[in-house]
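Q: predicted model and sequence follow; I will ask about them next.
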Amino acid sequence: MLAAVQKNATRGDPRSVVKAIDQFCRQKEWAMNVGDEKGCILDSVVTEVNPATVLELGTYCGYSTVRIASLLPSNAKLITLEFNPDYAAIACQVIAWAGLEDKVQLVEGASGDWIPKMKEKFGIETFDLVFLDHWKDRYLPDTKLMEECGLLRKGSILLADNVICPGTPDYLEYIRNSPRYKSQYFKSHLEYTKVEDGLEKSVFLG
Ligand SMILES: Cc1ccc(Cc2cc(O)c(O)c(C(=O)NC/C=C/[C@H]3O[C@@H](n4cnc5c(N)ncnc54)[C@H](O)[C@@H]3O)c2)cc1
Ligand SMILES: [Mg+2]
């Protein structure tokens with residue numbers, strides 16, 4: 001995938017990096033990026049929220065990191081957590097190829113360890129937007145952890161990938177029934193396939 005980016009994408013052009021990865025995944029080898037269809041929904045939410053602070057859980061190869069960071073205002077900050085060193089190394093190079101290293105802080109480590117440190121380590125008060133795309137059984141515990149650490153403010157947006165496939169039943173149950181969130185489901189498809197999947201957008205009400 002990285003070779004495809006370096007071969008087909010233009011340095012400093014995030015959209016060409018996104019396009020190169022989507023082309024590679026459609027033509028050569030499927031990979032679990034959010035993809036182009038759900039990616040458009042992600043883009044519209046990022047544009048609407050226009051966040052100054054973003055947290056991404058699960059960088060993987062950096063596809064959604066590049067999509068999000070390319071839409072952020074100049075002073076905005078995206079922190080992305082990835083605990084697999086190999087994926088982190090690839091993502092670092094993908095983000096650099098897109099020319100977005102100034103907007104992105106890639107942290108190699110587990111969300112459970114780093115969420116409690118966001119304030120002290122990165123001077124983050126609260127996140128305007130959180131994109132959840134890591135192991136599906138971590139969505140709920142990490143959301144509760146963010147609440148406990150005071151990282152969400154009235155109006156913070158959580159956007160969760162794969163709420164249908166692979167599925168995040170405990171997270172959906174919690175977020176849709178909690179009086180502290182207002183949720184909306186965006187129906188789509190599992191990346192590069194015709195299988196149903198979707199994104200759940202939830203506003204924290206405080
Ligand atoms: C049945 C079935 C299987 C697979 C699919 C297809 C499918 C489609 C999708 O869009 C998917 O997002 C997924 C999926 O499993 N995603 C998990 C993504 C993890 C990445 O995040 C990293 N990570 C995982 N937990 C943490 C953590 N705590 N702290 C920091 N990084 C973490 C990992 O190191 C990976 O870089 C799968 C569909 C259906
Ligand atoms: Mg996903």
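A: Cool, got the structure. Ligands and ions are numbered 1, 2, ... in the order given.
Q: hang on, Leu55 packs against Thr65?
A: No. Counting by C-beta atoms under 8 Å, Leu55 does not reach Thr65; the two are 11.2 Å apart. C-betas here are computed from N, CA, C, even on glycine.
Q: list the residues that contact both of the two?
A: 78, 80 (C-beta atoms under 8 Å, 6 or more residues apart in numbering).
Q: where along the protein do the strands fall?
A: Per DSSP state E, the chain carries strands over the ranges 53-57, 77-82, 104-108, 127-132, 152-160, 181-189, 196-204.
Q: quickly compare the ones you listed and say which is most buried.
A: Of all the strands of the chain, strand 53-57 has the most neighbours on average by mean count of other C-beta atoms under 10 Å, namely a mean of 26.
Q: need the pLDDT of the residue of the chain found nearest ligand 1.
A: Using C-beta to the nearest ligand atom, the single residue of the chain nearest to ligand 1 is Gly58, 2.9 Å away. On pLDDT, Gly58 comes in at 98.
Q: go ahead and confirm it touches Tyr139.
A: No. In this structure, Gly58 is not within contact of Tyr139 by C-beta under 8 Å, at 9.8 Å.
Q: so those two - more neighbours on which side?
A: Neighbours per residue (other C-beta atoms under 10 Å) separate Gly58 from Tyr139, with Tyr139 holding more: 28 against 24.
Q: quick check: closest non-adjacent residue to the more buried one.
A: Leaving aside its sequence neighbours, Tyr139 sits nearest to Tyr171 (C-beta to C-beta, 6 or more residues apart in numbering; 3.9 Å).
Q: the one you found and Asp142 touch, don't they?
A: No. Applying C-beta under 8 Å as the test, Tyr171 and Asp142 come out as separate, 9.2 Å apart.
Q: quick check: neighbours shared by the two?
A: Residues within reach of Tyr171 and of Asp142 at once, by C-beta under 8 Å, 6+ apart, are Leu132.
Q: can you pull the residues of the chain lying near ligand 2?
A: Those residues of the chain that sit near ligand 2, judged by C-beta under 5 Å from the ion, are 133, 161-162.
Q: drop anything exposed from the residues you listed.
A: Burial by neighbour count, 16 or more other C-beta atoms under 10 Å: within these this picks out 133, 161-162.
Q: avg pLDDT for stretch 28-48?
A: Stretch 28-48 shows a mean pLDDT of 97.
Q: how about that stretch: buried residues?
A: Quick answer for stretch 28-48 (16+ other C-beta under 10 Å): 31-39, 41-42, 45-46.
Q: ok so, going back, which ones are touching the residue of the chain closest to ligand 1?
A: Gly58 touches 81-82, 111, 132-135, counting by C-beta under 8 Å, 6+ apart.
Q: what of Asn162?
A: Applying C-beta under 8 Å, 6+ apart, one finds that Asn162 lies in contact with 133, 136, 168, 190, 197.
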